[in-house]
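[1] please work out how this folds:
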Amino acid sequence: MWALFYLIAFTVTTFLIYGENFVYWMDHIPGAGEDGAKNFYTVAYHILHDSSLFWFEGMNYPYGEHVLYTDNQPIITNILKIIGGSVTWLPFLIFLSALTGGYLFFLMLKKETGQAWFALVASLSIIFLSPQWGRLSGHYSLAYVGLIPILIYLLWKHHQQPNLVRNITMLCVVYCFGWIHPYLLMMSGIFWFLTASIGILVKQARYRWHDALWPIGTVLLFVITLKLSDSITDRPESPYGFINYSATWASIFLPLGLPYFDSFKDAFTPSQEGTFYIGLTAIIGTMTGVIYQVKKRSFDFWSIIMLASIPLVLLSVAFPFYLPKLDRLLDYLGPLKQFRGIARFVFPAFYALNLFAVIGLTRWFATKKRTVQISGPIVVSAVLIFESIGHSISAAQTSRNGDALNSYEEAAIDPDQFQCILPLPYFHIGSETYRTQDNEFIRLTAFELSLRYGIPLAAVQMSRTSLSQTLAQLSLTKFNTDLPKVLDDYDARPILVIVPSDILLNQNEAAILQQGKTIGRINNLDLYALTIPDFKRIANRNRDFIINNQDSAQVLTSSMENYLSFDELTTENPYAGQGAFEFEKSDWTEIFPQEMVLRSETEYELTFWFNISAEQAANAQLWYWERDGDEEIIFTHSEVGDHIEQINGDWILCSLPFEVESDGNRVSVLIHRDGKKQKLTIDEVLVRAKGELYSRQGNLNLNNRYLTQPN
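    I've put the predicted structure just below:
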């Protein structure tokens, strides 16, 4: 009977809050922003077009990518693929998980509190207050609200009667979590390990030492499976942002995302990852529950999972790594370094602390007079309902602002005629080191056309992408004097190039269009066909330009005010000449020739060679200032990777065009990035006005572009 009541209550609550969303999601992407469209596209493309269950073919053509690094929920999408399901089923599956997890919470709370009505209200409220609902706006695989509650239920049953079958069940469940999203595996595995370890310490008779080995074995099994199914060996080992993408104390303990706190939220520091508020009930109830448990001097299951939550909360705020000089401890985290969005590790703590609080408060109410026994649960219910409704309405609104599906008219495109789509401006996001500047229009357009026609993209938006493949892909649209090596794996079919009609491309991408054959237009998007010989012609033209103009160019010398050769320095591996300039990434290092006098109404280009042999080296920023005396005229900052002009072995040529507003204004360009120290190396800094030609003696080169690497 209560199961039916719960189903009705959950269904009514869902459709009162999210009813409009279900209609919207039938022909719109649930979430806006960079990740929403990509995570929708990868799921849909894998279901409709991929020929493999474990390899995604929709991006990074011709290489593709392991499904796990595309955030496409492989265990879910493969089931949908096999049974003929659709991407539009995903929201319903997310709510089905919430229904399941909430009902398991109801069963636990009903037994622990003895009050079915209160258990129903509390379980529903906890589920709908979950910070995971915020992931409906983009990270859909992290929005399965019911998964962690399933683990907590299994841990609760295991606590009552430990046995091998329950450990095996939890292993299977958590292992499957990893194939929805690895974060779910890791946060669940850590929570399981902490629960078992604390249980061993305080309940020796009930727990056995090997209970703590099961979560470790589960994670190892997943890692082994992943390694065996993944052929890539040069993925980034230390993604940037472990501390940057943490939660803040305010985002956990204050309702920054709830309407009633809008007037105060600007006074506190939010998290870049979103809101992770655990709720007023959890905060007050945990403090009350701790006092109650201390007086009882006993540890039950709820005390154990409360204690297991504490390390997860500390990890989610990057404690102690954000303390001075303790960031060096990150080097010893092993595989955990891959999980840079550590704010998400608060998810298990949210559920555990709310359960501990509700049960603790109920037990405390039971020790008081009759009026408190009646009014206490009512007050707690009111607080839970109030906050969960506010949070749910906010989550529903943010997951109802995505782009419409099938917004482009049909075009006469034969999918079999083209081997891939090359969008211009080109985008590549996800190597953790190199990232192109984002053009949302072309990115969303590329996803839609690729999905509609089943043509893979040469572009990339994924995570932990192979570093060698990244450089190979980026070289396709850079300055080349030979055929880009990535084209060795292409076939003879043309490439479909798509470009917005009204956009101004950079010089290298414009050269690609000049070689392409116009084949049509849909809406405000121009379509071109490009062949491999076209790329060869572009490379030959660049080569001929260097060869034919080198003799007429000015010879670079160390005495020139617009040139820094660094040949006077002693460096182990300079790009050209005898030396290069080494410095720390975390320092503020000037690279612009300060003796140069600049003129207004003149187009300049700053170029320099940057060494990328060390991982994360290119994850640095360029800080640009133009000043008139002490007055700041212009300030911009960008990523080093935004300015790649040419790739040559372990070096990239960076190009920064600029102009000054007035004669004599000073320009300052610094390289810097906050974080731990890392040695960077640059060489051959050149500033030239448009039309000027310069060449260094030795290898064939012009304006800092080289046919081959000098050293």
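
[2] hey, let's count contacts and neighbours off CA atoms from now on
    Will do.

[3] buried set for the helix or strand of the chain with the lowest mean pLDDT?
    When the helices and strands of the chain are scored by mean pLDDT, DSSP states H and E, helix 280-296 comes last with a mean of 82. For helix 280-296, a neighbour-count test (16 or more other CA atoms under 10 Å) marks 280-283, 285-286, 288-290, 292-293 as buried.

[4] what do you get for stretch 606-625?
    Here stretch 606-625 shows 606-612, 615-625 as buried, counting by 16+ other CA under 10 Å.

[5] hang on, the earlier thing: check which element follows the least confident helix or strand of the chain along the chain.
    helix 301-316 (DSSP states H and E).

[6] export the least confident helix or strand of the chain as PDB, just CAs?
    C-alpha atoms of helix 280-296 as PDB (Å, rounded to 0.1, in the frame of the first residue of the first chain):
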ATOM      1  CA  LEU A 280      19.300  23.200   6.700                       C
ATOM      2  CA  THR A 281      17.900  19.900   8.000                       C
ATOM      3  CA  ALA A 282      21.300  18.200   7.400                       C
ATOM      4  CA  ILE A 283      23.200  21.000   9.000                       C
ATOM      5  CA  ILE A 284      21.100  21.300  12.200                       C
ATOM      6  CA  GLY A 285      20.200  17.600  12.400                       C
ATOM      7  CA  THR A 286      23.800  16.500  12.000                       C
ATOM      8  CA  MET A 287      24.900  18.700  14.900                       C
ATOM      9  CA  THR A 288      22.000  17.500  17.000                       C
ATOM     10  CA  GLY A 289      22.600  13.900  16.000                       C
ATOM     11  CA  VAL A 290      26.300  14.000  16.900                       C
ATOM     12  CA  ILE A 291      25.400  15.200  20.400                       C
ATOM     13  CA  TYR A 292      22.800  12.500  20.700                       C
ATOM     14  CA  GLN A 293      25.200   9.800  19.600                       C
ATOM     15  CA  VAL A 294      27.900  11.000  21.900                       C
ATOM     16  CA  LYS A 295      25.600  10.800  24.800                       C
ATOM     17  CA  LYS A 296      24.600   7.200  23.800                       C
END
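
[7] can you give the distance of it from its chain's centre?
    Centre-to-centre, helix 280-296 and its host chain are 36 Å apart (CA atoms, centre = their mean, to the nearest Å).

[8] before we move on, the earlier item: L104: which of the buried residues of helix 280-296 is nearest?
    Each of those was scored against L104 by CA to CA, and A282 proved nearest at 18.7 Å.

[9] ok so, going back, the least confident helix or strand of the chain vs helix 301-316, what angle?
    On the basis of axes from the mean of the first three to the mean of the last three CA atoms, to 10 degrees, helix 280-296 is oriented at 130 degrees to helix 301-316.

[10] residue numbering should commence at 143 henceforth.
    Done: numbering now begins at 143, and the last item shifts to helix 422-438.

[11] which other helices and strands contact helix 422-438?
    With contacts defined as 3 or more CA pairs under 8 Å, 6 or more residues apart in numbering; DSSP states H and E, helix 422-438 has these neighbours: helix 488-508, helix 512-540.

[12] closest one to E590 among the ones you listed?
    helix 512-540 (21.4 Å).

[13] that's a strand at V641, yeah?
    Yes: counting by DSSP: H, G, I helix; E, B strand; the rest coil, one finds V641 located in a strand.

[14] still on that earlier bit, mind putting the helices and strands packed on helix 422-438 into JSON lines with mean pLDDT?
    Formatted as JSON lines, these follow (pLDDT from 0 to 100):
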{"stretch": "helix 488-508", "mean pLDDT": "94"}
{"stretch": "helix 512-540", "mean pLDDT": "92"}
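
[15] please identify the deepest-packed of those helices.
    Across the helices and strands packed on helix 422-438, the average number of neighbours (mean count of other CA atoms under 10 Å) peaks for helix 488-508, which reaches a mean of 24.

[16] what's the angle between that helix and helix 443-458?
    Using the same axes, to 10 degrees: helix 488-508 against helix 443-458 is 140 degrees.

[17] what's the spacing between helix 488-508 and its chain's center?
    31 Å.

[18] check stretch 606-617 too.
    Stretch 606-617 has its C-alpha centroid displaced from the chain centroid by 17 Å (CA atoms, centre = their mean).

[19] again with stretch 460-472
    The answer for stretch 460-472 is 22 Å, by CA atoms, centre = their mean.

[20] thinking again about what came up before, list the ones among the buried residues of stretch 748-767 that fall in helices.
    Among the buried residues of stretch 748-767, DSSP state H puts none in helices.

[21] residues touching the residue nearest the centre of the chain, list them.
    Nearest to the geometric centre of the chain sits S605, at 6.6 Å (CA atoms, centre = their mean). By CA atoms under 8 Å, 6 or more residues apart in numbering, the contact list for S605 reads 211-212, 571-574.

[22] what's the answer for A450, then?
    Contacts of A450 (CA under 8 Å, 6+ apart): 333, 336-337, 340, 491.

[23] which ones among these lie within strands?
    Among these, no residue falls in strands (DSSP state E).

[24] buried ones among these?
    Buried among the contacts of A450 (16+ other CA under 10 Å): 333, 336-337, 340, 491.

[25] CA atoms of stretch 402-412 as CSV?
    Extracted as CSV, the C-alpha positions of stretch 402-412 are listed here (Å, rounded to 0.1, in the frame of the first residue of the first chain):
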residue,chain,number,x,y,z
TYR,A,402,15.1,33.0,-0.5
PHE,A,403,18.9,33.6,-0.3
ASP,A,404,19.3,35.8,-3.4
SER,A,405,19.7,39.0,-1.4
PHE,A,406,22.7,37.6,0.4
LYS,A,407,24.5,35.2,-2.0
ASP,A,408,26.8,37.9,-3.5
ALA,A,409,28.5,38.2,-0.2
PHE,A,410,29.8,34.6,-0.4
THR,A,411,32.2,32.8,-2.8
PRO,A,412,30.3,30.3,-5.0
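
[26] what's the mean pLDDT across it?
    Averaging pLDDT along stretch 402-412 gives 84.

[27] what's in contact with it?
    389-390, 392-393, 397-398.

[28] assign a three-state SS to L812, would you?
    strand.

[29] what's the burial count for the closest residue to it other than its chain neighbours?
    Using CA to CA, 6 or more residues apart in numbering and skipping the chain neighbours, the partner closest in space to L812 is E732 (4.4 Å). Neighbour count of E732, defined by other CA atoms under 10 Å: 15.

[30] thought E732 was touching V811?
    Yes: when contacts are counted by CA atoms under 8 Å, E732 is listed as touching V811 (5.8 Å).

[31] quick revisit: determine which two of the contacts of A450 are furthest apart.
    I340 and A491 (14.9 Å).
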